[in-house]
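K.L.:
Predicted model, plus sequence, below.
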2 protein chains.
Amino acid sequence: MQDILFDFISKYISLTEDEKDAITSLNIFHSVKKGTILLKEGQLSQASYFVLKGCIRVHYIKDGEEKTTAFYTEMDALTPHCVIHKTPSDYFISCVEDSILLVSSSDMEVEMNSKFPKFEMMCRMLSEELLAKQQMDFDEFKTSSPEQRYLNLLQRRPDLIRRVPQHQLASYLGIKPQSLSRLRARIVEKDKR
Amino acid sequence: MQDILFDFISKYISLTEDEKDAITSLNIFHSVKKGTILLKEGQLSQASYFVLKGCIRVHYIKDGEEKTTAFYTEMDALTPHCVIHKTPSDYFISCVEDSILLVSSSDMEVEMNSKFPKFEMMCRMLSEELLAKQQMDFDEFKTSSPEQRYLNLLQRRPDLIRRVPQHQLASYLGIKPQSLSRLRARIVEKDKR
DNA sequence: ATCATTTCTTAACTTAAGTGAACGAGCCGG
DNA sequence: CCGGCTCGTTCACTTAAGTTAAGAAATGAT
């Protein structure tokens, strides 16, 4: 399990054995059962997540309805808004599948960053990369219709469509579950012709 | 002009006079005329931007149509996707108004980061903050109707609606200019009652 | 295995956004 | 000052998403 993490880190910086030990000794690997709620609306939290295996999701409760806005799967990192801004969370984070997560606290990160400047650099690179990636995703969302967004998801993350309940996918695409059903039927109809 | 920048930086780190001088000597302030194109689709670029005064925008040409996805105004920072990933740009960046920009190259940033660890920390904090902020914006976009998005923009960035052409605003809201016109008329109609 | 609950799909109807076209207003450029 | 553009609005019509409701399918718990 550690190796997956070190492989990931090696894309950004190279670690000495000492540094690897420092990370290992933090004891940050957690097994989490499907359905577990990691963060509740209104809660203050210190925890950031990195998905080694499984899937977690972010959702809001708005007008009494569940609105899913993000899924994080293998090799995805998530630092909740409330950790950065130290305000109560607007949303929930929960486990879609049994998962293995790396959970770190801001305190831990501050310590690691000051102890190993390399680590700070990795965090910067990672944040910059995620920011750029998310900008692209947002742009694509804005400039596409729900149908295009679904077809795009089918191309880019086909696993998600199988792993995740339809009604959660629907709000992820910015539509209602009924519209997603209809849209899929429409696509099948088109394919036939 | 420098002072605005130093005020901004002071929110993250404190600078010595030497460090301030190092920044000043980089000569990074640029006046840019309305309409100037800073980055073209297909182009490779090294430049990141920070808006001291004015407004710049990101837009795509998709199916022959201009699709605006972002506006950056005073105190906003923009590192284009192509700078991070070193691939040709998918989009354009242009000046909506006469603006004063801080323009930095990745080389400069690498140098500053290695010379002043504090600077690296600021970049990390800034990226993390922007990432969290953009996540919120994206979530709000996904969970709102075009009308709600417009009303929200009216609250949060009322200046944008005045500063920016309607057809650019429309695609920023994920709709066509005609729909924005109609939507506004609808809101006025509701207000009367 | 059974029952209850949740999830997914379908359908009919409503509402809002997309499309194509036309018009007037404002804005350069000559 | 005029003519050509772009821009914003409006309208009629089309298309797709929201809404409400019902039933089928899958899931989970006992």
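P.N.:
Great, that's in hand. Residues are numbered from 1 along each chain as shown, chains lettered A, B, ... in the order given.

K.L.:
Kindly state the beta-bridge partners for the most centrally placed residue in chain A.
P.N.:
For chain A, the residue nearest the mean C-alpha position is A:Tyr72 (2.6 Å; C-alpha atoms, centre = their mean). Following DSSP bridges, A:Tyr72 is listed with bridge partners A:Ile56.

K.L.:
Spell out which residues of chain A are next to DNA strand C.
P.N.:
Within chain A, the residues that sit near DNA strand C (C-beta under 7 Å from any atom of the strand) are A:Ser145, A:Pro165, A:Gln166, A:His167, A:Gln168, A:Pro177, A:Gln178, A:Leu180, A:Ser181, A:Arg182, A:Arg184, A:Ala185. C-beta: built from backbone N, CA, C; applies to glycine.

K.L.:
Quick check: the farthest pair among those?
P.N.:
A:Ser145 and A:Pro165 (22.5 Å; C-beta to C-beta).

K.L.:
circling back: per-residue confidence at the residue nearest to the centre of chain A?
P.N.:
In this prediction, A:Tyr72 carries a pLDDT score of 97.

K.L.:
Tell me who's in contact with it.
P.N.:
Contacts for A:Tyr72 were tallied using C-beta atoms under 8 Å, 6 or more residues apart in numbering or on different chains; they are A:Tyr49, A:Val51, A:Cys55, A:Ile56, A:Arg57, A:Val58, A:Leu78.

K.L.:
Does A:Met112 lie in a helix or a strand, and which?
P.N.:
Using DSSP states H and E, A:Met112 falls within helix A:106-115.

K.L.:
Could you list the buried residues of that helix?
P.N.:
A:Met108, A:Glu109, A:Met112, A:Asn113 (16 or more other C-beta atoms under 10 Å in any protein chain shown).

K.L.:
same thing with stretch A:175-190?
P.N.:
Buried positions in stretch A:175-190, judged by neighbour count with 16+ other C-beta under 10 Å: A:Ile175, A:Leu180, A:Leu183.

K.L.:
so, if you compare the residues you listed, which one comes nearest to DNA strand D?
P.N.:
A:Ile175 (3.6 Å; C-beta to the nearest atom of the strand).

K.L.:
what's the pLDDT at the closest residue to A:Asp76 other than its chain neighbours?
P.N.:
Nearest residue to A:Asp76, sequence neighbours excluded (C-beta to C-beta, 6 or more residues apart in numbering or on different chains): A:Val51, at 5.1 Å. Here the pLDDT value assigned to A:Val51 is 96.

K.L.:
Equivalent analysis for A:Lys192, please.
P.N.:
67.

K.L.:
Just give me the neighbour total for A:Gln166.
P.N.:
The tally of other residues near A:Gln166 (other C-beta atoms under 10 Å in any protein chain shown) stands at 11.

K.L.:
just A:Pro165 next, same as before
P.N.:
There are 11 residues near A:Pro165, going by other C-beta under 10 Å.

K.L.:
so what are the domain limits for chain A?
P.N.:
Structural domains annotated on chain A: A:2-126, A:144-193, as defined by automatic domain parsing.

K.L.:
what would the contacts of A:Tyr72 look like in CSV with neighbour count and distance to A:Lys34?
P.N.:
Formatted as CSV, the contacts of A:Tyr72 follow (neighbours: other C-beta atoms under 10 Å in any protein chain shown; distance: C-beta to C-beta, whole Å):
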residue, neighbour count, distance to A:Lys34
A:Tyr49, 22, 15
A:Val51, 22, 14
A:Cys55, 20, 9
A:Ile56, 23, 10
A:Arg57, 23, 11
A:Val58, 24, 16
A:Leu78, 21, 17
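
K.L.:
Among the residues of chain A next to DNA strand C, name the ones in helices.
P.N.:
Secondary structure defined by DSSP state H assigns A:Gln166, A:His167, A:Gln168, A:Pro177, A:Gln178, A:Leu180, A:Ser181, A:Arg182, A:Arg184, A:Ala185 of those to helices.

K.L.:
With that, I have no additional questions.
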